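A.B. asks: Fold the following, please.
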Amino acid sequence: SDELDCPGLAMNCQCDMNQDIKLELSAHPHSMRRVVNIIIAVERLKHIKEMSSGKFCEDALLNFFMENVIEERLVKPLNVTPIYCKSSRTLQCTVCDKYKKTLVQSNKLTNEDLHLKAVTLNAGTIQYKVRFSMSTYVTSAPQNNGQAVCLGISNSNLYIACSQSGGSSPVLLLKEVNGPLDTIKTNDPNEYDSLLFFRKETGTAYNTFESVKYPGWFITTAFDDWKRVEMNQVPTDRTTNFTLED
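C.D. replies: Numbering: from 1, shown residues only. All right, here's what the predicted structure looks like:
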């Protein structure tokens, strides 16, 4: 008989090698590697045809294709610019560091340029504490570093920003913004992405705020009173831990 038995099968399934084999190729452009793979596969198929006297069973055909057909995929990474969209969640709060110092505006207490300081307040100066409106943002990009937020000073158009000028290190400043900031794009021409921070909860009460635009740079305060709030990389002798108070 010209037929090869296939043990273990209820019936013999045979493929006549004298018949044409239809090979379908997709319309995508192929590399030379794929062409070589097809040529090698055809040569091996001819060899199997000679050995099987023209016919071989379904298992042999299946094994041949499993061993010789190579699927090649070309994955091209997409350069997608992350877009952050403001959600309906907004928290009204004051911000204190782990030493119980409260963030205040410098020009409310002194005649200095506009910036934030960390100060231990008492009953007579508690009115100077800055109240923030913390807006949360959502994005399709992975947010492994925390929840994206903007820290705006309530009843004003001032926001905490992490900005860089030339080749200097990023600095913390108060940026004046006119507009709702409903969406913020990475590398925004107006540098609105400098307003975004990743808020991450650490422990049971503390929060850290890392710049989205400049990863690795955190909002920090010094141990001593009346020192400027700054951006620093960790590790640092300044604290990066803050609590949010009502």
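A.B. asks: Only C-alpha atoms from now on, for both contacts and neighbour counts.
C.D. replies: Will do.
A.B. asks: For the helix or strand that contains Y84, C-alpha coordinates in PDB please.
C.D. replies: Taking DSSP states H and E as the criterion, the element that holds Y84 is strand 83-97. What follows is strand 83-97 as a C-alpha-only set of coordinates in PDB (Å, rounded to 0.1, in the frame of the first residue of the first chain):
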ATOM      1  CA  ILE A  83      -3.100  63.400  27.900                       C
ATOM      2  CA  TYR A  84      -4.400  64.100  31.400                       C
ATOM      3  CA  CYS A  85      -8.100  64.900  31.800                       C
ATOM      4  CA  LYS A  86      -9.500  66.600  34.900                       C
ATOM      5  CA  SER A  87     -11.900  64.400  36.800                       C
ATOM      6  CA  SER A  88     -14.800  65.600  39.000                       C
ATOM      7  CA  ARG A  89     -12.900  64.900  42.200                       C
ATOM      8  CA  THR A  90     -11.500  68.100  43.800                       C
ATOM      9  CA  LEU A  91     -10.200  68.200  47.400                       C
ATOM     10  CA  GLN A  92     -10.200  71.500  49.400                       C
ATOM     11  CA  CYS A  93      -7.400  71.300  52.000                       C
ATOM     12  CA  THR A  94      -4.300  72.800  53.600                       C
ATOM     13  CA  VAL A  95      -0.900  71.100  53.400                       C
ATOM     14  CA  CYS A  96       1.400  70.500  56.300                       C
ATOM     15  CA  ASP A  97       4.800  68.700  56.400                       C
END
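A.B. asks: Contacts for that strand next, please.
C.D. replies: With CA atoms under 8 Å, 6 or more residues apart in numbering as the test, strand 83-97 has contacts from 102-103, 118, 129-140, 154, 181-186, 221, 239-246.
A.B. asks: Which strand or helix spans S165?
C.D. replies: S165 is part of no helix or strand when elements are defined by DSSP H and E.
A.B. asks: What does it show for phi and psi?
C.D. replies: Here the main-chain torsion angles of S165 (degrees, to the nearest 10) amount to phi -120, psi 120.
A.B. asks: Relative to Q233, how far out is it?
C.D. replies: Here the criterion is CA to CA, to the nearest Å. By it, S165 lies 17 Å from Q233.
A.B. asks: Just the mean pLDDT for stretch 85-103, thanks.
C.D. replies: Taken as a whole, stretch 85-103 has an average pLDDT of 97.
A.B. asks: I misspoke; the intended subject was stretch 120-138.
C.D. replies: Averaging pLDDT along stretch 120-138 yields 93.
A.B. asks: in that stretch, what counts as buried?
C.D. replies: 120-121, 128-138 (16 or more other CA atoms under 10 Å).
A.B. asks: Send me that stretch as CSV with only the CA atoms.
C.D. replies: Once side chains and other backbone atoms are set aside, the C-alpha atoms of stretch 120-138 remain, and they are given as CSV (Å, rounded to 0.1, in the frame of the first residue of the first chain):
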residue,chain,number,x,y,z
THR,A,120,4.8,76.7,62.3
LEU,A,121,1.6,78.7,62.9
ASN,A,122,0.0,79.5,66.2
ALA,A,123,-3.5,80.7,67.1
GLY,A,124,-2.7,84.3,66.1
THR,A,125,-1.3,83.5,62.7
ILE,A,126,-3.5,80.6,61.6
GLN,A,127,-5.2,82.9,59.1
TYR,A,128,-2.1,82.9,56.9
LYS,A,129,-2.3,79.2,56.0
VAL,A,130,-2.8,78.6,52.3
ARG,A,131,-5.9,76.6,51.3
PHE,A,132,-5.5,74.5,48.2
SER,A,133,-7.9,73.2,45.7
MET,A,134,-6.4,69.8,44.6
SER,A,135,-7.8,68.6,41.3
THR,A,136,-7.2,65.0,40.2
TYR,A,137,-6.5,63.9,36.6
VAL,A,138,-6.9,60.7,34.8
